[in-house]
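S.K.: predicted model and sequence below, questions to follow.
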Amino acid sequence: MDRSFFVYIMTNPRKTVLYTGVTNNLPRRVHEHKEKLTPGFVSKYNVTDLVYYEMAETAEAAIAREKQLKAGSRQSKLGLIKSMNPTWRDLSVDL
């Protein structure tokens, strides 16, 4: 079975909060965040805009990359976002 896994970064409308996550279904997970279907950080801080994502071939690789991003600085995350999405457009409209 061919599956894809994604590591993603979402933010709130004011672009002050960054949330890093991993999923095997990016459109579904973004929808869950936007609709606040799961209580927690994302709902509390109104994280609704997908500003960065990358694909991994295995769940293990995606989880390792997520941990790497979470361990990195805010500046490194901002650099990733700027490299893929310099205007911080909500990329979920393209999914």
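M.R.: Received the coordinates, thanks.

S.K.: now do the contacts for residue 69.
M.R.: Shown in contact with residue 69 (C-beta atoms under 8 Å, 6 or more residues apart in numbering): 7, 9, 20, 76-77, 80. For every residue, glycine as well, the C-beta is placed using N, CA and C.

S.K.: could those residues be laid out in JSON lines, adding pLDDT?
M.R.: Output for the contacts of residue 69, formatted as JSON lines (pLDDT from 0 to 100):
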{"residue": "7", "pLDDT": "98"}
{"residue": "9", "pLDDT": "98"}
{"residue": "20", "pLDDT": "97"}
{"residue": "76", "pLDDT": "97"}
{"residue": "77", "pLDDT": "97"}
{"residue": "80", "pLDDT": "96"}
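
S.K.: which two among those residues are spaced furthest apart?
M.R.: 7 and 76 (13.4 Å; C-beta to C-beta).

S.K.: residue 20 against residue 76, yeah?
M.R.: No: between residue 20 and residue 76 there is no contact under C-beta atoms under 8 Å: 11.0 Å.

S.K.: looking at those two, which is more packed in?
M.R.: Legend: neighbour count by other C-beta atoms under 10 Å for residue 20 and residue 76, higher for residue 20 (18 against 12).

S.K.: now that one, what's its secondary structure?
M.R.: strand (DSSP: H, G, I helix; E, B strand; the rest coil).

S.K.: if I look at it, how far off is residue 87?
M.R.: 20 Å (C-beta to C-beta, to the nearest Å).
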